[in-house]
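Student: Provided below are the primary sequence and the corresponding predicted coordinates.
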Amino acid sequence: MWAQCSKAKAAFSSSNSPSHKYFKGHPLQRTIEWTADVQTPPVELENDLEYEVDFVHDIRKIGHRWMYLVHWKGYADDDDSWEPLSNLSNAKEAIDEFHDSNPQAPKP
């Protein structure tokens, strides 16, 4: 299940800066452990970067557009984003699973 992502998401996800953790110890001898972010890289389909949808959390109407709250495979919950149905053309299975699990949710 792959989907186009909003420009803001694509710009954020393209950074591959390492995360870091500070350990307790003497304040002048802080140790930093660098770890690589474990993120599923986007694939290029028809000249667009597409990210893999892990699952859909929610749906809501913003203005005249229905938006799905998407969790991206390999990304933290903080990276979840509201995406229009038009960006999720390759994620029909995730959308169907959401609606099957949430029959009370509105369908666009």
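Tutor: Nice, thanks for sending it over.
Student: got the residue ranges for the helices in this structure?
Tutor: Along the chain, the segments classed as helices by DSSP state H run 7-13, 92-101.
Student: for the nearest residue to residue 67 once chain neighbours are set aside, which residues make a bridge with it?
Tutor: Sequence neighbours aside, residue 82 is the residue nearest to residue 67 in space, at 4.2 Å (criterion: Cβ to Cβ, 6 or more residues apart in numbering). Placement of C-beta: from N, CA and C, glycine included. As for beta bridges, residue 82 partners with residue 69 under DSSP bridges.
Student: rank the helices of the chain by pLDDT, which is bottom?
Tutor: If you rank these by mean pLDDT, helix 7-13 sits at the bottom with a mean of 38.
Student: didn't residue 62 look like it was pressed against residue 85?
Tutor: No - assessed by Cβ atoms under 8 Å, residue 62 is found out of contact with residue 85, at 11.7 Å.
Student: more neighbours, these two?
Tutor: When residue 62 and residue 85 are compared for neighbours, residue 85 comes out ahead with 14 against 9, by other Cβ atoms under 10 Å.
Student: quick one: least confident helix or strand in this structure?
Tutor: Here the helix or strand of the chain ranked lowest by mean pLDDT, DSSP states H and E is strand 19-22, holding a mean of 34.
Student: thinking again about what came up before, quick one: the residue nearest to residue 67 and residue 60, what's the gap?
Tutor: According to Cβ to Cβ, to the nearest Å, residue 82 and residue 60 sit 7 Å apart.
Student: Between these two, point out the one with more neighbours.
Tutor: residue 82 (18 against 12).
Student: what sits against that one?
Tutor: By Cβ atoms under 8 Å, 6 or more residues apart in numbering, the residues touching residue 82 are 60, 62, 67, 68, 69, 70.
Student: switch the cut-off to 10 Å
Tutor: The contact partners of residue 82, taken as Cβ atoms under 10 Å, 6 or more residues apart in numbering, are 6, 9, 57-60, 62, 65-70.
Student: how about those residues in JSON lines, adding distance to residue 78?
Tutor: Output for the contacts of residue 82, formatted as JSON lines (distance: Cβ to Cβ, whole Å):
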{"residue": "6", "distance to residue 78": "15"}
{"residue": "9", "distance to residue 78": "11"}
{"residue": "57", "distance to residue 78": "13"}
{"residue": "58", "distance to residue 78": "16"}
{"residue": "59", "distance to residue 78": "20"}
{"residue": "60", "distance to residue 78": "19"}
{"residue": "62", "distance to residue 78": "20"}
{"residue": "65", "distance to residue 78": "23"}
{"residue": "66", "distance to residue 78": "23"}
{"residue": "67", "distance to residue 78": "18"}
{"residue": "68", "distance to residue 78": "17"}
{"residue": "69", "distance to residue 78": "13"}
{"residue": "70", "distance to residue 78": "13"}
